[in-house]
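Visitor: Got a predicted structure here, sequence first:
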Amino acid sequence: MYRLPFNDDGKWESAGNADDPSGKGHGAAQYYAWDFGHEEGGEVRVARGGLVIDAKNNIGFNTTKPPYDTAKHKNKYGGGNSVVIRHRDNTAASYGHMIKGSVLLKKGDVVVQGQMIGKSGNTGNSYGPHLHFEVLAYWNSGYPNWDIGPNFPIIFQDKSHRFFRPRVSDKPQSDNDYERQEGWIWCAKCQGLFFGPGSKCPADSQAHVGGGNYILIRNTAYGHQQDWRWCSKCKGLFFGGHPGSKCPAGGVHSKTGSANYSLQQNIGPGYNRQENWRWCNKCQGLFFGGNPGSICPAGGAHSKTGSGNYVLYKANFCPVQGDWRECNKCLSLFFGGSGGGVCPAGGDHDKTGSKNYYITYGFIQYPGWHSYRRCKKCSVLFHMEWKPSKCAAGGDHDKTGSLMYSVARDSDDNDTILAPHERGWFVCRGCQTLVHSRAHSWIGKCANPLKPGYDAHTFDLLHQRHHGVLISTR
């Protein structure tokens, strides 16, 4: 979960975002960006850990004022003193307008959530002291090529909310004082937890293999038990408070270069957390006791005798998937990354002239409808809760193997600043696919027409009142 990108001093105020019904906020190109107002000098902190891929710290001017208010200055220095951090899923967060000389990070730094970045300022294209924050689908390069993805909506957590998106004039209370490190992975072979490349598994002396994305809290008294350490030899987590550890890379575990991690135990399950992680009293490592087949470097299976029941937090960060396209024959949204699909107008779907749309998936707290799936037969996005679904390839749509996608809603009654091609998506009552209205002209071809002799898509009053909102490249 993203934390707010600053400390909790009571002075930060939301100053423009996509949720404000008055329409305040950024233009279409940065619609989901946030501005957080603060007098110069507020502590800016990492909202989500990752790798620093861009950092500026030497800009001492404001591009809204002469002589720097030229197009060249705005394009090159608009973000002022800024930092861009790439996350584990290749999304990237941008932090802008900080004070010259205050940025503490440099390109190539690996940072954790809660780490200090710099101090809020008024540099670049800024109309008052504040922090500009946005998360983009990707970032390959900045000025002058600007090879970056669109920004998209995210969910924050603070001291008072588990999931929220602050509105204009809100004064949120940040919960970003702890260093939280994501990227810890569960190994399917030994049931252990590891972090980083070059790992070594006791099951076969090869690298650990697994999945997930777990978050550990480091270098703080927060939590039930400290002195958990990362082993620089096998890349696993072990308890450094007892002697007698055993490393699969040979000898005892090494905590050289390790932080001091704090784990919670015996608190029970809850949202986004997983219990039944256990301490092994033979090797001092942490392993998942909820699965059989663990393998200990001290021999045999791990032993949880005497262990507490540890709880780990699982990362959940609104991932996005691109290469969704509008078919210019049937007007449906289909996944262009899987080939042409099957179009009800005949042949493959045709993405000629289509924008590249991005959709969030697998995250129920994302605002919008969460019952969309990709049909593996025709490649369209369809709403799975209404029947019949009807696929152009025959029969009903098939959701086998599909992720769960989320599409935000936008009412006709609230005129927003979204770019025109992002709005106007509806669910067809006949085939249940997501289709573009093209200025309320119901055209295209439906795989399940509801009127004899009329094969266009059909929309009822409910769907006409609530547009689907997609995110796209410009």
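Guide: Structure received. Everything numeric in this text was worked out from a predicted model, so none of it was measured. Residues are numbered from 1 along each chain as shown.
Visitor: what's the nearest residue to Leu331 if we skip its chain neighbours?
Guide: Excluding the flanking residues, the one nearest Leu331 by Cβ to Cβ, 6 or more residues apart in numbering is Gly444, at 3.5 Å. The C-beta positions use only the backbone N, C-alpha and C, and glycine is treated the same way.
Visitor: Then Cys375?
Guide: Residue nearest to Cys375 in three dimensions, not counting chain neighbours: His397, with 4.0 Å by Cβ to Cβ, 6+ apart.
Visitor: Repeat that for Thr473.
Guide: Among residues not flanking Thr473 along the chain, Asn356 sits closest, at 4.6 Å (Cβ to Cβ, 6+ apart).
Visitor: And for the one you found, the neighbour number?
Guide: 17 (other Cβ atoms under 10 Å).
Visitor: I'd assumed Ile471 was in contact with it.
Guide: No: the pair Asn356 / Ile471 is not scored as a contact, 9.7 Å apart, by Cβ atoms under 8 Å.
Visitor: For the chain, which element, helix or strand, carries the lowest mean pLDDT?
Guide: Of all helical and strand segments in the chain, the minimum by mean pLDDT, DSSP states H and E falls on helix 461-465, at a mean of 50.
Visitor: List the buried residues in the helix ranked longest in the chain.
Guide: The longest helix of the chain (DSSP state H) is helix 71-77. Of all the residues in helix 71-77, those buried under the rule 16 or more other Cβ atoms under 10 Å are 73, 77.
Visitor: hmm, who's touching it?
Guide: For helix 71-77, the surrounding residues in contact (Cβ atoms under 8 Å, 6 or more residues apart in numbering) are 59, 61, 63, 68, 123-125, 143-144.
Visitor: what is the mean pLDDT for it?
Guide: Per-residue pLDDT over helix 71-77 has a mean of 94.
Visitor: Which positions in stretch 124-135 come out as buried?
Guide: Going by 16+ other Cβ under 10 Å, stretch 124-135 has these buried residues: 124-126, 129-135.
Visitor: With stretch 372-385 instead?
Guide: Those would be 372-384, for stretch 372-385 by 16+ other Cβ under 10 Å.
Visitor: Could you do stretch 170-185 as well?
Guide: Neighbour counts over stretch 170-185 (16+ other Cβ under 10 Å) mark 170, 172, 174-176, 178-185 as buried.
Visitor: Contacts for stretch 432-448, please.
Guide: 326, 329-333, 343-345, 372, 378, 380-384, 386-392, 397, 407, 424-428, 430-431, 455-459, 464, 468.
Visitor: The residue nearest to Leu331: neighbour count?
Guide: 25.
Visitor: Shouldn't it be within a strand?
Guide: No: secondary structure of Gly444 (DSSP: H, G, I helix; E, B strand; the rest coil): coil, not part of a strand.
Visitor: quick one: which of the contacts of stretch 432-448 sit in strands?
Guide: Here DSSP state E is the test, and these give 326, 333, 372, 381-383, 407, 425-427, 468 as lying in strands.
Visitor: Among these, which pair sits farthest apart?
Guide: Glu326 and His383 (16.8 Å; Cβ to Cβ).
Visitor: what's the domain layout of the protein?
Guide: With domains defined by automatic domain parsing, the chain comprises 2-157, 179-314, 320-472.
Visitor: Mind jotting down where the strands sit in the stretch 51-200 of the chain?
Guide: For the stretch 51-200 of the chain, applying DSSP state E, counting those that start in this stretch gives strands covering 81-86, 92-98, 110-111, 116-119, 130-136, 139-141, 147-148, 156-157, 179-187, 193-194.
Visitor: ok now the longest helix of the chain, how far from the chain's centre?
Guide: Remark: helix 71-77 is offset 29 Å from the chain centroid, using Cα atoms, centre = their mean, to the nearest Å.
Visitor: What of stretch 394-402?
Guide: So, by Cα atoms, centre = their mean, the centroid of stretch 394-402 is 27 Å from its chain's centroid.
Visitor: again, but for stretch 204-217
Guide: 20 Å.
Visitor: low-confidence ranges in the protein?
Guide: 16, 18-24, 28, 363-368, 409-421, 438-442, 460-468, 474 (pLDDT under 70).
Visitor: I'd say Asn328 and Gly353 touch.
Guide: Yes: counting by Cβ under 8 Å, Asn328 touches Gly353, with 6.0 Å between them.
Visitor: Those two - which one has more neighbours?
Guide: More crowded of Asn328 and Gly353, by other Cβ under 10 Å: Asn328, with 17 against 8.
Visitor: residues contacting that one?
Guide: Neighbours of Asn328 in contact, by Cβ under 8 Å, 6+ apart: 350-354.
Visitor: Endpoints of stretch 101-121, how far apart?
Guide: Terminal residues of stretch 101-121 are spaced 11 Å apart (Cα to Cα, to the nearest Å).
Visitor: and Val252, helix, strand or coil?
Guide: Per three-state DSSP, the secondary structure class of Val252 is coil.
Visitor: Count the residues that sit near it.
Guide: Counted with other Cβ under 10 Å, residues neighbouring Val252 total 15.
Visitor: Pull the contacting residues for it.
Guide: Counted by Cβ under 8 Å, 6+ apart, Val252 has contacts 244-246.
Visitor: Return the distance of it relative to His242.
Guide: According to Cβ to Cβ, to the nearest Å, Val252 and His242 sit 11 Å apart.
Visitor: circling back to that earlier point, can I get the CA coordinates of the longest helix of the chain in PDB?
Guide: Taking Å, rounded to 0.1, in the frame of the first residue of the first chain, the C-alpha atoms of helix 71-77 are listed here in PDB:
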ATOM      1  CA  ALA A  71       8.500  26.700 -23.300                       C
ATOM      2  CA  LYS A  72      12.100  25.300 -23.200                       C
ATOM      3  CA  HIS A  73      12.500  26.000 -19.400                       C
ATOM      4  CA  LYS A  74       9.000  24.600 -18.600                       C
ATOM      5  CA  ASN A  75       9.700  21.400 -20.600                       C
ATOM      6  CA  LYS A  76      13.200  20.800 -19.200                       C
ATOM      7  CA  TYR A  77      12.900  22.100 -15.700                       C
END
